[in-house]
Structure formats: C-alpha cells, structure tokens
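Peer 1: Here is my input, please return the structure:
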Amino acid sequence: MRPPSITLRIALLFAGASGVILMAAGLWISAMLVAHFEAQDRLEIRGKLELVRRLIESKRSPADFERLPTELARALVGHQELGVLLLDGHGDTLFASIGDRLAETLQSHPLPVDAPVEFTDSERGYRGMGLRIDSGLPEPGVLTVGVLRDTSHHEYFLAALRHALWLAIAVTALMMGALGWFVARSGLAPLRRLTEHITAIDPERLAERLPTEAVAPELLALAGAFNGMLQRLEDGYRRLSEFSSDIAHELRTPLANLRTQAEVSLGKSRSPNEYRELLHSALEEYERLSRMVDDMLLLAKTDEGHLPDLRLLDLDAEVAALIEYFEALAEDRQLVLAATGSARLWGDGPMLRRAIANLLSNAIRHAERGSTIRVAIDAATPDGARLTVTNRGPEIPSEALPRLFDRFYRSDPARSRDGEGSGLGLAIARSIVRAHGGDIRVRSEAGETAFECRFSRSAVRSAVAKGRERPRAGADGGVGTRPAAEVQESASSVK
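Peer 2: The predicted structure follows:
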C-alpha cells in the first residue's frame, strides 16, 4: 500500500496530539474538582457536627433535651442535602432528618468518628461522619451523632462536565486536524513549487538550475543536491553526445576505407596478388575496428568496477615485464626505460598491466629522442602504492589536461589518426586504476610530463571484503614476472 501523504500525517498528528493534551487536561481538571468537592463536603460535615455538639453541650436538663430536635430541625433549614441522625445511649433514635431505611442502615453500620466514609443508598451517593458526645445526664447518656452529605448533585455535575469535556476534545481534535491539514498544505507549498520546477526540466533543458535564492532554508540542501545531480547529468549527457559523435567519426574512417576498397576491387578484374593486397588492407581495418570494440567493452567493464582476478601483485615485477616488452620499441626511438622502487598490492594482473602498458606506450610515443622514460614505484605513501611514469617531451597545454582522459580525445587534433590508435588508451588506464580504488593525475611543466597512479589498499581490500571476487595468490603469497606471451597479450592492444 502507498503510505499516506505528508499532509494527512501532519493533520492526524495535530489531531492526535491535541486530543491527548486535552484529555490529560480534562482528567486533571476532573481530579481537581473531585478533590475540591471532597474537601468542601468534609468541611461542611465537620461544621454541622460541631454545631450539633454545641447544641447538645448547651443542654443542662432533660427539659432542655426535649427542645433539641426542634433546634436541630431549625438548624437544617435550607440544607436539604444534609441529614442528621441522633441516637441515645440505648441506640434509640432521638432525631432523624433522613429516610427511615437510611436511618436503619446507619444504626446497623455506625459512621466512623475519625474520617468521612462514602456509601450509596437507593442509587444516591452519600458522604458522612459520626461523633460521640456525652450529654452529662443519666438520660439520654452518651449520644451518637451522624451527619450525611448527599453527593448526588456533585456526581451529576461531574458527569455533565466530563461529557462536555469529551465533546470539546472531539471537536477540538477535529478542528486541530483541519488546522494541521491547512498548515501542512501551506507549509509544503514551496515543495510543490519546487516539484513543478523540477518536472519542467527535460533533457533539452539540463542547463537549467533550481533558483536556490528563492528556496526555503529547509529545502536549500535538497535544491543544492538536485542542482548537483543536474550538473552531473548535464556533464554525462554532454560526454555521451560527444562520445557518440566521436565514435561515429572513428568508425566512419575504417568503414569508408573498407567500402572504397570493395568498390575498387569490384571495379575491374584483378590479379590474385592484387586481390590479396586488398584483402590484407581490409584485414587491417577489421583489426582496427575489432580493437576499438574490445577497448569499448573493456571500458564498460572497468567503469562498473568489475575486477575478475584479484591477486597480491608485485608491482615492480609487472613493470619489469612490460619494460622488457617495450624495450625494442624504445631502442628504435633511441629511448631508455628505467624503473625504480617496489610495492605489493591487491589487483587484477592483466588489467593493471594493460593500464601501465597504455601509459608506457603514450610516453614512448611523445618522448624526446635520446631521453629516459622513468617509472617510479613508491609503497610508503599513506593511502597505498604510487606509480609514476615520467617522460621528457612537448608540454601538454593546460587547457587540455582536464580532458586528457576523455574517450577519443587528443590534445592535438591535427595529428593523423592513422597511427595514433583509437584514442581510448588513457581513458582505459584511468578506468582500470579507479576500479582498483585509485586515480590518475597528470602534470606537464618544464618540458616534462608525468602520469601518477595512486592505488588505495583500503579501497581494494574493502572490495574483496564485500565479496566481489575471492582473491587468489600464489604459493608464496604474490606473483612474479608474467610469461612473455601474457605480457604481449596485455600490451599488444595499447593504442
């Protein structure tokens, strides 16, 4: 089921909270009134007992006692809710202003003399207290006085009050719920306006941003986060558009070459050797297309952080194997390859060799003749291992550095694309390093260009702990130099 709306929940919270508060207040008021009525009844009962006691003590003879009932009747005029029962020492009734049945009940159940007691008779409530008084005469002797207070009108008042309170609580809760609904709807109006603004943004208007200066402070973080998401979407959409344009341009050249060769071969009859040359030329274009597709598939896999074969690697051994493979190419260009340092880290061997091979190939392509390409490995960094590939050569323009790792990007558009590969080498290198929890930085100044790879041990180990793939290590806990065929497979696709 869909959860209730925020407006409804706030309205219900308003109604519930007000109902609970009013209920607590009503119970407190009711308890206070009950205590007040009890104290008032005690005070009145004690007052009447004191009045009866003084009347009895004022009688000095039997003749005076004969006037006592008349005086008690006069004292109770206007006090219909009060009743007095007077018994002599033998338990006979001398005076009673209450019903006969109630008098009989009191005679059989005397009232206490120390505290009031409550009881009911014929569905009416009473609160009463007793008192023993010595008349000072042989007859009537020790008198027993009982004073009762009819509490029925108190009960009627309290019942009416409770009914009124419950009705007031219900009405107030409904009103507070309606008020809560209005307040919530009014309070959420900025969110609705923000939603309308967001809804109006489509792929053609990704450059539009939410106006943060007109957003409520509570929604400022949400608007900022959404603007950041729009910025990332815009960048991704732009890169996707550029990528689509670039890949179309990259595919157009080999496809046009293949079509031209096919048209030429079909234009007239040719010798077997000529057909063989045309097929060799077409095969080169097919290989170029195949490498481009392989590179794109590798990028898709590494962008998802997929590391199929995590092992504990000796980074210096991997670099030594790659230097041995590239040594012949470097000698042809009068370059020297040198490596220093060592480090061990968890990683995917073929992918790491592919990334380092791409960096070495790029350095060899742009290094000055007679210079040295240095590969420095440092394991003493706080975050993990660091590998730096440095070469001397033309500086890369500063405006080109941020886009150097973009797919199909070349800092010099005038370069011939025929010998420069697919333009995916640095993008693949960065994607592989990021899949290992690291990143690549580049600097180019003073005639020297350096690509620095930083590998985070904690990120790679956490990836292993999450169970992406189970790491495998050799018998000695590491790996050494890979076979030459495996190194050649990793490096042969560097473009």
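Peer 1: for this protein, what spans make up the strands?
Peer 2: 82-87, 93-96, 117-121, 124-134, 142-150, 310-314, 336-340, 344-348, 372-378, 384-392, 439-445, 448-456 (DSSP state E).
Peer 1: can you map out the helices along the stretch 351-495 of the chain?
Peer 2: Ranges of helices within the stretch 351-495 of the chain are 425-435, 457-465, 484-491, based on DSSP state H, counting those that start in this stretch.
Peer 1: ok so, going back, which of the strands of the chain has the lowest average pLDDT?
Peer 2: Ranked by mean pLDDT, the strands of the chain end with strand 117-121 at the bottom, a mean of 67.
Peer 1: related to what we said a few turns ago, Ala357: which of the strands of the chain is closest?
Peer 2: strand 384-392 (10.5 Å; CB to CB). From N, CA and C alone the C-beta is placed, and that goes for glycine too.
Peer 1: tell me the angle that closest one makes with strand 344-348.
Peer 2: 80 degrees (axes from the mean of the first three to the mean of the last three CA atoms, to 10 degrees).
Peer 1: ok, residues contacting strand 384-392?
Peer 2: Residues outside strand 384-392 that contact it (CB atoms under 8 Å, 6 or more residues apart in numbering) are 315, 319, 343-345, 356, 359-360, 363-364, 366-368, 371-379, 437-438, 447-458, 460.
Peer 1: What strands flank it, and is each parallel or antiparallel?
Peer 2: Next to strand 384-392 in the sheet, as set by DSSP bridges, lie strand 372-378 (antiparallel), strand 448-456 (antiparallel).
Peer 1: With Leu188 as the reference, measure out to the closest residue to Phe37 other than its chain neighbours.
Peer 2: With CB to CB, 6 or more residues apart in numbering as the criterion, Phe37 has its nearest non-adjacent residue at 4.7 Å, and that residue is His154. Taking CB to CB, to the nearest Å as the measure, His154 falls 49 Å from Leu188.
Peer 1: Check Ala379 too.
Peer 2: For Ala379 relative to Leu188 (CB to CB), the value is 55 Å.
Peer 1: residues near the spatially closest residue to Glu445 that is not a sequence neighbour, how many?
Peer 2: Nearest non-adjacent residue to Glu445, counting by CB to CB, 6+ apart: Glu395, 6.6 Å away. For Glu395, the count of nearby residues is 13 (other CB atoms under 10 Å).
Peer 1: I figured Glu395 hits Ser444, correct?
Peer 2: Yes - the pair Glu395 and Ser444 qualifies as a contact (CB atoms under 8 Å) at a distance of 4.8 Å.
Peer 1: Worst mean pLDDT across the helices and strands of the chain, which element?
Peer 2: helix 484-491 (a mean of 44; mean pLDDT, DSSP states H and E).
Peer 1: what's near enough to touch His366?
Peer 2: Counted by CB under 8 Å, 6+ apart, His366 has contacts 391, 393-394, 449.
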